[in-house]
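Visitor: Got a predicted structure here, sequence first:
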Amino acid sequence: MLLLLDELTDGGQQWRHGYDLMKATGLFSGTLYPLLMRMTEQGLVEAEWLEPAQTGRPARHAYRLTGRGVAFARDALSGQPAVRCSELPT
């Protein structure tokens, strides 16, 4: 999860496609997508369908950290004691 948080943090508030996140982190789809789904359910990541840049290509799901996700990532990546998502302010 730290690899994914680090990569999403480095991207700022840019939308990132799952395939790009797989390449950047080295995580396999069977690990990456369940993490992204769980993080979305916890309010750490938001997901959106983005229209293709090229005609004839399918829309793709993209992800980025929410404000809560940025705070959670900052704490997790700095070595702070683990914070449960449920303990984050809403």
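Guide: Here it is on my side, so go on.

Visitor: Contact partners for L4?
Guide: When contacts are counted by C-beta atoms under 8 Å, 6 or more residues apart in numbering, L4 touches 21, 25, 27, 32, 35-36, 39. Every residue, glycine included, has its C-beta placed from N, CA and C.

Visitor: let's go with 6 Å and repeat that
Guide: L4 makes contact with 25, 35, according to C-beta atoms under 6 Å, 6 or more residues apart in numbering.

Visitor: Can you tell me how far it is from M22?
Guide: 10 Å (C-beta to C-beta, to the nearest Å).

Visitor: Kindly report the same for P52.
Guide: 18 Å.

Visitor: again, but for L65
Guide: 17 Å.

Visitor: And for L36?
Guide: Counting by C-beta to C-beta - L36 and M22 are separated by 10 Å.

Visitor: From the neighbour counts alone, determine which of these two ranks first.
Guide: Using other C-beta atoms under 10 Å, the more surrounded residue of L36 and M22 is L36, with 21 against 17.

Visitor: With adjacent residues omitted, what lies nearest to that one?
Guide: Y63 (5.6 Å; C-beta to C-beta, 6 or more residues apart in numbering).

Visitor: got a list of what that neighbour touches?
Guide: 16, 36, 45, 47.

Visitor: which ones are touching the first one?
Guide: What that stands for is R16. Y63.

Visitor: how close does it get to G79?
Guide: Counting by C-beta to C-beta - R16 and G79 are separated by 24 Å.

Visitor: Buried residues in the longest helix along the chain, which are they?
Guide: For the chain, the longest helix by residue count, based on DSSP state H, is helix 29-41. Across helix 29-41, burial judged by 16 or more other C-beta atoms under 10 Å covers 32-33, 35-36, 39.
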